[in-house]
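Using only what follows, build the 3D model:
(chains A, B, C, D, E and F)
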6 protein chains.
Amino acid sequence: MRVCRRATFNAAHRLYRADWSEEKNDAVFGKCNNPNYHGHNYTLEVWVEGEIDRETGYLIDLKILKELIANEIQERFDHRNLNLDCKEFANLNPTAENIAIVIWGLIREKLDKRYALSVKLWETQNNIIEYDGK
Amino acid sequence: MRVCRRATFNAAHRLYRADWSEEKNDAVFGKCNNPNYHGHNYTLEVWVEGEIDRETGYLIDLKILKELIANEIQERFDHRNLNLDCKEFANLNPTAENIAIVIWGLIREKLDKRYALSVKLWETQNNIIEYDGK
Amino acid sequence: MRVCRRATFNAAHRLYRADWSEEKNDAVFGKCNNPNYHGHNYTLEVWVEGEIDRETGYLIDLKILKELIANEIQERFDHRNLNLDCKEFANLNPTAENIAIVIWGLIREKLDKRYALSVKLWETQNNIIEYDGK
Amino acid sequence: MRVCRRATFNAAHRLYRADWSEEKNDAVFGKCNNPNYHGHNYTLEVWVEGEIDRETGYLIDLKILKELIANEIQERFDHRNLNLDCKEFANLNPTAENIAIVIWGLIREKLDKRYALSVKLWETQNNIIEYDGK
Amino acid sequence: MRVCRRATFNAAHRLYRADWSEEKNDAVFGKCNNPNYHGHNYTLEVWVEGEIDRETGYLIDLKILKELIANEIQERFDHRNLNLDCKEFANLNPTAENIAIVIWGLIREKLDKRYALSVKLWETQNNIIEYDGK
Amino acid sequence: MRVCRRATFNAAHRLYRADWSEEKNDAVFGKCNNPNYHGHNYTLEVWVEGEIDRETGYLIDLKILKELIANEIQERFDHRNLNLDCKEFANLNPTAENIAIVIWGLIREKLDKRYALSVKLWETQNNIIEYDGK
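Okay, the predicted model is just below:
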């Protein structure tokens, strides 16, 4: 059984590598390499897999998951510039893939080990990422 | 291959265990333990996995799945109080997890055994459950 | 110019009039007259009309509107039984129309008089109400 | 890790088999066997699974996936009659299942072999298909 | 006060005028003039304006509106070819604008005269029409 | 009659006034005054009101409206930093209200004068602006 809590956050970012030339950054990342940044409303689904607690009828109390997302993800990334404000992306290109991996890691660290974890991240309504740590 | 039919139903419920004190019910279930109930528009996706019938091009006729959901789920739970009106929850706390398990069981009983089954249930746009019988 | 803040709340309700017979209540309200209640995830849009403040670029600070909705509407109705828990519906049938009128009145009372106000309420994805006080 | 690009296309179709009698076509396909066709706004999610490129932070450049879908799927099926205009369905009943299989095959042919592929197709908001080639 | 009932129907259509040359039809209607038709999932909102009935708390019983839409609109247009199957479009180009006007007229004829009426029609998620009879 | 074309664009912005102190900017704009910017997926609906052309059945060819939005709005604002990259906001705080006013003006300039115009802008799913030039 899997349960999910959905949340959103808004952030600016820019796709580029400091160790590449501007030409190469432009060739690979196109308009996503605007040096002045652009931004997104990210939608996040955090999926937790495990066994239902027969006593409560909960797999996990979704209030706990809601607070975990608020403390670890929204507090950290909402209304931020991912490249400039967030140490997680100081040396990591904030592609949707890397954001999903970072989010997975941040929640994994705080989530009880008996649960399996995967995250689904919408960068736009058309661009979606799914990551389960593998 | 998997095919899905989506449907909705509206119901009242309350999360609590009759064998617990009010204090414990409040501590665990919070405002979901309103003794006068609250309610939700539940959205349900019923996913059926199997082999496509090469003659019809259907995995399963979705009209059959639509009727199965209407007869077994919507007829039973729509515009009901899950705790008071539905024998399935007479002794089972109607958490979204347990509702998903009950729905899975009711459809499993009527669905041809050659199909695998999983259900996805939205209690709100932010709280989602997935159950495949395992 | 009009600006809107969207919010949600979940509640149980029953459509009926205490001064009508059960037969008449059933005839008029059908399955919405389940004596044990049913429920909905209500989605609310609160629309405020007025002049933009040229200095801030805000018509109204949406954080203020968000808090107003939280304090006056969600605090009052979320996870409640509208018929039993809410004095606003002690003698008023909680149809979506009446809920919209009550919400409009509650926000109108707290909203600066220079703004015009209207509310839009989804009871389900298919049933929607709009009310502007007229 | 999996990434997805979403797209839409609009098409007419009719469900029937030329080698069946009208009676049998009507019995099996009902109103979907309107000889004058009906139509849908199809929504497509194309999911690609693989390893993230540590250098770019991309699993696959979604612009490539977007163009692949535009060239192979939208160009072929958008604003078309699937039965009459599309050779893929000259001898194949254009059920949502078969459309998903055809789309999977068309993208599979052009997609780098190191990626696994699955597609998700909404025929309506209530009818959904998922296919991964197995 | 305004209340709305939402519904959907699926249909094929082609934009063209029989009294124009193919060249002119192509120039004006582009790929919407596919002679073999294409199709859409239309989403319809029917908005009724009037006074609330203080006794019932309804502006109009939405079940009545639901049935009116089912009988007058869905029965007529769902799973149909608008050009070939529907006499309303025998001599009228089935643009989204004209479909909205026809729907408005069909419902206006059956709706109590004390109500004002407007309709909102989505041809796709990006193309929307609103018509109130003026 | 009104018709609408919907479109999206992604941008970074920061709410602040250069002629205010940081303290005042923080007090008024809170976390929206992140000096490193944050961002949004903006969704835009452009509504055009006028008379239907009885010959074509169009109020306006939505392809024209689509191109107008692409050329005037998306080309200008998509993947941009509104404060740094867009001269429209060089001396104008890019609140959702001001963005809506600017968009309205840019489209108004290019839209045939026989049409009335209004725009609806979602900054997030919860924050919406409507502007019609008055």
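
Who's the closest spatial neighbour of A:R14, skipping the chain neighbours?
Closest residue to A:R14 apart from its sequence neighbours, by Cβ to Cβ, 6 or more residues apart in numbering or on different chains: A:Y37 at 4.8 Å. Bear in mind the C-beta positions are built from the backbone N, C-alpha and C, glycine included.

Look up the pLDDT of that neighbour for me, please.
pLDDT, A:Y37: 98.

Repeat that for the one 5 residues further on.
In the prediction, the pLDDT value recorded for A:Y42 is 98.

so how far is chain E from it?
Going from A:Y42 to chain E by Cβ to the nearest Cβ, to the nearest Å gives 20 Å.

what sits against that residue?
A:8-11, A:77, A:99, A:121-123 (Cβ atoms under 8 Å, 6 or more residues apart in numbering or on different chains).

Now tabulate those in JSON lines and tack on secondary structure and pLDDT.
Below are the contacts of A:Y42 laid out as JSON lines (DSSP: H, G, I helix; E, B strand; the rest coil; pLDDT from 0 to 100):
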{"residue": "A:T8", "secondary structure": "strand", "pLDDT": "98"}
{"residue": "A:F9", "secondary structure": "strand", "pLDDT": "98"}
{"residue": "A:N10", "secondary structure": "strand", "pLDDT": "98"}
{"residue": "A:A11", "secondary structure": "strand", "pLDDT": "98"}
{"residue": "A:F77", "secondary structure": "helix", "pLDDT": "98"}
{"residue": "A:I99", "secondary structure": "helix", "pLDDT": "98"}
{"residue": "A:L121", "secondary structure": "strand", "pLDDT": "98"}
{"residue": "A:W122", "secondary structure": "strand", "pLDDT": "98"}
{"residue": "A:E123", "secondary structure": "coil", "pLDDT": "98"}
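
would you list these in TSV and tack on neighbour count?
Listed next are the contacts of A:Y42 as TSV, based on neighbours: other Cβ atoms under 10 Å in any protein chain shown:
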residue	neighbour count
A:T8	16
A:F9	22
A:N10	22
A:A11	28
A:F77	26
A:I99	30
A:L121	23
A:W122	21
A:E123	22
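
Give me the distance between the two termini of stretch A:42-55.
For stretch A:42-55, the first-to-last residue distance is 35 Å (Cα to Cα, to the nearest Å).

buried residues in that stretch?
Neighbour counts over stretch A:42-55 (16 or more other Cβ atoms under 10 Å in any protein chain shown) mark A:42-50, A:52 as buried.

and if you look at stretch A:91-98?
For stretch A:91-98, burial by neighbour count (16+ other Cβ under 10 Å) applies to A:92-98.

which among the residues you listed gets closest to chain B?
For chain B, the nearest member of the buried residues of stretch A:91-98 is A:A96. The distance, counting by Cβ to the nearest Cβ, is 20.5 Å.

Let me see the contact set for the closest residue to that closest one other than its chain neighbours.
Nearest-residue entry for A:A96: A:E123, 4.2 Å, with adjacent residues in sequence omitted and distances by Cβ to Cβ, 6+ apart. Residues counted as contacts of A:E123 (Cβ under 8 Å, 6+ apart) are A:40, A:42, A:96, A:99, A:129.

Who does A:W47 form a beta bridge with?
Here A:W47 sits in beta bridges with A:C4, A:S118, as judged by DSSP bridges.

For chain A, what lies in contact range of chain F?
By Cβ under 8 Å from any Cβ of the partner chain, the residues of chain A that approach chain F are A:8, A:10-13, A:31-32, A:34, A:36-41, A:78-81, A:84-85, A:124-125.

can you list the contacts of A:Y42 in a markdown table and add distance to C:R2?
Output for the contacts of A:Y42, formatted as a markdown table (distance: Cβ to Cβ, whole Å):
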| residue | distance to C:R2 |
| --- | --- |
| A:T8 | 23 |
| A:F9 | 26 |
| A:N10 | 22 |
| A:A11 | 27 |
| A:F77 | 30 |
| A:I99 | 34 |
| A:L121 | 32 |
| A:W122 | 27 |
| A:E123 | 29 |
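
Can you get me a residue count around A:R114?
For A:R114, the neighbour count with other Cβ atoms under 10 Å in any protein chain shown is 10.

Correct me if wrong: it contacts A:G50.
Yes. When contacts are counted by Cβ atoms under 8 Å, A:R114 is listed as touching A:G50 (5.8 Å).

got a list of what the closest residue to A:C32 other than its chain neighbours touches?
Of all residues beyond its chain neighbours, the one nearest A:C32 is A:L15 (4.1 Å), with distances taken as Cβ to Cβ, 6+ apart. Contacts for A:L15 (Cβ under 8 Å, 6+ apart) come out as A:25, A:29, A:32-33, A:93-95, D:57.

So which residue of chain A lies furthest out from the middle?
Note on chain A: the largest C-alpha distance from the chain mean falls to A:E55, namely 32.0 Å (Cα atoms, centre = their mean).

Now chain A against chain F: closest residue?
Counting by Cβ to the nearest Cβ, chain A gets nearest chain F through A:G39, at 0.7 Å.

ok so that residue is a helix residue?
No. Secondary structure of A:G39 (DSSP: H, G, I helix; E, B strand; the rest coil): strand, not part of a helix.

Touching, A:L92 and A:G105? I think so.
No. Contact criterion Cβ under 8 Å: A:L92 and A:G105 do not qualify, at 11.1 Å.

Determine the residues that are contacts of both of those two.
Here A:L92 and A:G105 share no contacting residue, scored by Cβ under 8 Å, 6+ apart.

Could you tell me which residues of chain A lie near chain B?
A:1-7, A:45, A:47, A:52, A:55-59, A:61-63, A:66.

Can you say which of those residues are buried?
Here, 16+ other Cβ under 10 Å leaves A:1-7, A:45, A:47, A:52, A:56-59, A:61-62, A:66 buried among the residues of chain A next to chain B.

Need the residues that contact the helix or strand containing A:K120.
Using DSSP states H and E, A:K120 sits in strand A:116-122. The contact list for strand A:116-122 (Cβ under 8 Å, 6+ apart) reads A:42-50, A:96, A:99-100, A:103-104, A:107-108, A:111, A:128-133.

Cross those against helices and list the overlap.
Here DSSP state H is the test, and these give A:96, A:99-100, A:103-104, A:107-108 as lying in helices.

I would like a PyMOL command selecting only the buried ones among these, please.
Those of the ones in helices among the contacts of strand A:116-122 that count as buried under 16+ other Cβ under 10 Å are selected in PyMOL with:
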select buried, chain A and resi 96+99+100+103+104+107
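
Could I get the ones in helices among the contacts of strand A:116-122 in JSON lines, plus columns for distance to E:D19?
Converted to JSON lines, these look like this (distance: Cβ to Cβ, whole Å):
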{"residue": "A:A96", "distance to E:D19": "51"}
{"residue": "A:I99", "distance to E:D19": "56"}
{"residue": "A:A100", "distance to E:D19": "56"}
{"residue": "A:I103", "distance to E:D19": "59"}
{"residue": "A:W104", "distance to E:D19": "62"}
{"residue": "A:I107", "distance to E:D19": "64"}
{"residue": "A:R108", "distance to E:D19": "67"}
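
so who does the residue farthest from the centre of chain A touch?
B:R17.

How about the backbone phi and psi for it?
Backbone torsions for A:E55, taken as degrees, to the nearest 10, come to phi -80, psi -50.

If anything else comes up later, I'll come back, but that's it for now.
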